[in-house]
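In: after the sequence you'll find the predicted model.
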Amino acid sequence: MVSFLKKYGFWILAGGLLLGLFGKYLYLKPRFVQGEVAPNFTAVLHDGTSFSLSDLKGDYILLDFWGSWCGPCRQANPGLVRIYNDFDTSSRTKKPGFHLVSVGIETNPQRWAAAIAQDGLAWPYHLMETDMLKGEIAKLYGVREIPTSYLINPDGMIIGVNPDEDDLRKTLQKALGAN
């Protein structure tokens with residue numbers, strides 16, 4: 001047995017490590033992929049009004065799961081603000097338009113509200129789930145890590161999973177016109 005471990009121990013350890021990494025990848029992989037229908041949900045916005053994702057059908061939507069406590073999320077926020085400022089269509093009736101919907105994965109409502117203000121997240125669609133990744137919307141979308149985002153087209157189909165700022169900008173420029 002000792003000679004077997006000396007001979008193959010490294011390979012057993014390496015194989016176990018690779019299996020563990022692959023398992024983590026599968027676990028953290030977003031639930032939906034490009035081409036699937038984005039499930040609808042209803043929730044209460046930051047201002048207390050009721051909101052359904054289907055209210056925005058006919059427009060492009062970036063559904064962004066983030067947290068005030070999440071460093072990578074906060075680092076991504078300036079890019080989202082740039083995208084929102086360049087493509088916000090809430091003041092016009094021309095279709096399709098673009099909307100950003102943020103789902104805060106939080107434990108502290110005051111810290112969440114402060115992060116929205118500090119980061120200049122000016123869009124109106126802010127939701128908060130206090131059950132962390134066990135909240136209704138996070139579970140519906142299979143979110144296991146943040147930031148996670150889905151780009152949804154006017155027909156309600158997911159056309160991008162975790163797009164970076166450049167990919168998002170290119171998609172929206174093509175769909176909505178140059179900005």
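Out: Now that the structure is in, tell me what you want to look at. Residues are numbered from 1 along each chain as shown.

In: pull the residues that contact stretch 99-106.
Out: 53, 56, 59-70, 80, 83-84, 89-90, 112, 115-116, 121, 123, 125-130, 132-133, 135, 137-138, 143, 146 (C-beta atoms under 8 Å, 6 or more residues apart in numbering). For the C-beta atoms, the positions are set from N, CA and C on the backbone; glycine is no exception.

In: the residues you listed in strands, which ones?
Out: Tyr60, Ile61, Leu62, Leu63, Asp64, Phe65, Trp66, Tyr125, His126, Leu127, Met128, Glu129 (DSSP state E).

In: just the closest of the residues you listed to Thr42, please.
Out: Leu127 (10.1 Å; C-beta to C-beta).

In: dump the residue contacts of the closest one.
Out: Ala43, Val44, Leu45, His46, Phe51, Val101, Ser102, Val103, Gly104, Ile137.

In: mind running it again at 10 Å?
Out: Neighbour list for Leu127: 41, 43-46, 51, 53, 63, 65, 101-104, 135, 137 [criterion: C-beta atoms under 10 Å, 6 or more residues apart in numbering].

In: look up which residues are beta-bridged to it.
Out: Bridge pairing for Leu127 (DSSP bridges) gives the partners Leu45, Val103.

In: distance to Pro96 added to the ones in strands among the contacts of stretch 99-106, as a markdown table?
Out: As requested, these are exported to a markdown table (distance: C-beta to C-beta, whole Å):
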| residue | distance to Pro96 |
| --- | --- |
| Tyr60 | 6 |
| Ile61 | 10 |
| Leu62 | 13 |
| Leu63 | 16 |
| Asp64 | 18 |
| Phe65 | 23 |
| Trp66 | 24 |
| Tyr125 | 16 |
| His126 | 22 |
| Leu127 | 22 |
| Met128 | 27 |
| Glu129 | 27 |
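
In: which among those residues count as buried?
Out: Neighbour-count burial (16 or more other C-beta atoms under 10 Å) is assigned, among the ones in strands among the contacts of stretch 99-106, to Tyr60, Ile61, Leu62, Leu63, Asp64, Phe65, Trp66, Tyr125, His126, Leu127, Met128, Glu129.
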